[in-house]
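[1] pasted the sequence and its predicted model underneath.
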Amino acid sequence: MTWKLPTVDDTSVWDTWLSAYHMPSLAVADRLGLFEALDAKPATAEELAARMKLPLEPLKALLPMLSALGFLVPRRGRYQPTNAARLYLLHDSPYYWGNAFFVTRDSGFTDRLLEKFAVDTGTEHAPRPAEAWESGQVNDDLALAVARIMHSHSVPAALGIARREEFADVKRLLDVGGGSGCFSIALAQHWPDLNCTIMELPAMCRGALQYVSDGGVSDQVDTVSVDMFRAAWPTGYDAIFMSNIFHDWSPETNAALSASAFKALPSGGRIFLHEMLINDEGSGPLSAAAFSMIMVAGTRGRQYAFAELAGFLESAGFTDARAVDSYGYYSLVSARKP
């Protein structure tokens with residue numbers, strides 16, 4: 001079946017889906033005392049982490065979320081509470097709202113966020129998919145479940161990105177961590193001279209082949225079983241594509257992934273990162289910031305700003321990093337190997 005670009009983008013669905021993570025983020029900030037700390041002295045994420053002895057990476061996700069919700073504002077790089085936060089979120093305010101937050105404080109998502117900030121909630125959780133990918137051990141049931149989720153929220157974005165002229169002269173593309181293969185399928189359907197390889201763990205490759213067959217592009221799209229953390233990446237491709245990969249991992253891991261991509265590509269080869277970007281000010285936008293909170297709770301990463309992604313790529317040797325809006329809330333970040 002050939003896919004067609006939807007007549008309306010899916011941002012309204014994204015907004016509704018991500019709204020579930022707004023209140024838990026506020027409840028965690030209240031529990032940590034962030035508003036009192038920033039009211040006493042505005043701070044950058046780095047300064048606040050050092051002062052409060054909090055882990056930096058989750059804080060870099062939470063502060064843009066609170067800003068996008070309207071409770072913090074960054075001024076000259078330092079976050080401070082807005083008037084609404086001073087009225088309703090400081091514990092000594094006569095208008096303090098926090099006593100009503102116990103409902104969301106008791107949610108599983110709030111517990112996961114608190115654990116990321118080294119707050120012991122006394123709750124044990126089942127392993128998350130990121131842990132399975134990190135170990136290289138993904139079974140067929142988990143692979144199928146993850147593929148279904150990723151396919152559901154990625155097909156419209158895949159169709160949108162497939163129409164970008166950046167792919168017009170790509171002949172062989174390696175889709176690293178390609179999941180269900182929806183991006184390779186959409187690209188192959190739109191560019192008949194393009195051949196794609198989905199690089200995944202074995203169980204994910206088995207699941208992707210059915211999606212590829214259903215998409216009618218088996219002659220253009222294949223799979224290769226490679227653990228991206230432990231094995232050399234295949235060569236012979238003029239482009240590498242990674243969608244929603246960097247947001248799963250820490251800055252150190254993303255620098256290593258960038259280096260692996262650089263090594264696998266020939267001179268002139270390009271890398272494409274497909275991500276929702278946090279803005280340069282670190283104040284949102286709201287949906288990207290909410291998505292970032294999901295990443296904090298369930299993975300090793302968060303949503304990054306363009307400058308951060310460009311920094312990972314440039315540290316590996318890539319040049320000419322740039323970003324363009326692609327579809328809905330997504331952006332396409334690209335760079336070239338000299």
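    All right, it came through fine.

[2] might you report the residue contacts of the closest residue to R206 other than its chain neighbours?
    Among residues not flanking R206 along the chain, D140 sits closest, at 6.7 Å (Cβ to Cβ, 6 or more residues apart in numbering). Using the backbone N, CA and C atoms, a C-beta is placed for each residue, glycine as well. Shown in contact with D140 (Cβ atoms under 8 Å, 6 or more residues apart in numbering): A203, R206, G207.

[3] need those in a markdown table (columns: secondary structure and distance to Y95).
    Below are those laid out as a markdown table (DSSP: H, G, I helix; E, B strand; the rest coil; distance: Cβ to Cβ, whole Å):
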| residue | secondary structure | distance to Y95 |
| --- | --- | --- |
| A203 | helix | 52 |
| R206 | helix | 56 |
| G207 | helix | 52 |
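
[4] which positions in the helix ranked longest in the chain come out as buried?
    The longest helix of the chain (DSSP state H) is helix 140-162. For helix 140-162, the buried set under the neighbour-count rule, 16 or more other Cβ atoms under 10 Å, comprises 142-144, 146-147, 150-151, 154-162.

[5] just how off-centre is that helix within its chain?
    Mean-position distance between helix 140-162 and its chain equals 14 Å (Cα atoms, centre = their mean, to the nearest Å).

[6] any idea how far the most centrally placed residue in the chain lies from P266?
    Centroid check for the chain by Cα atoms, centre = their mean gives H247 as the closest residue, at 3.0 Å. Separation of H247 from P266 (Cβ to Cβ, to the nearest Å) stands at 27 Å.

[7] same question for Q220.
    On the measure of Cβ to Cβ, Q220 and P266 end up 21 Å apart.

[8] more neighbours: the two, which one.
    Remark: of Q220 and P266, Q220 carries more neighbours, 20 against 10, as counted by other Cβ atoms under 10 Å.

[9] ok, the more buried one to A158 distance?
    From Q220 to A158 the distance is 14 Å (Cβ to Cβ).

[10] repeat that for A188.
    Distance, A188 to A158, by Cβ to Cβ: 11 Å.

[11] tell me which helix or strand comes right after whichever strand or helix holds A186.
    Using DSSP states H and E, A186 sits in helix 182-190. The helix or strand immediately downstream of helix 182-190 is strand 195-200, counting by DSSP H and E.

[12] rewinding a little: turn the contacts of D140 into a markdown table, including pLDDT, distance to L59 and neighbour count.
    Shown next, in a markdown table, are those (pLDDT from 0 to 100; distance: Cβ to Cβ, whole Å; neighbours: other Cβ atoms under 10 Å):
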| residue | pLDDT | distance to L59 | neighbour count |
| --- | --- | --- | --- |
| A203 | 89 | 34 | 20 |
| R206 | 91 | 39 | 16 |
| G207 | 88 | 35 | 24 |
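
[13] and the contacts of the stretch of helix or strand V13 belongs to?
    For V13, the host element (DSSP H and E) is helix 11-18. For helix 11-18, contacts defined as Cβ under 8 Å, 6+ apart pick out H153, L286, S287, A290, F291, I294, G328, Y329.

[14] same check, this time on stretch 263-270
    166, 170, 174, 232-235, 237-240, 271, 334-338.

[15] buried subset of the residues you listed?
    Buried members of the contacts of stretch 263-270, scored by 16+ other Cβ under 10 Å, are V170, L174, W233, Y237, D238, A239, I240, I271, S334, A335, R336, K337.
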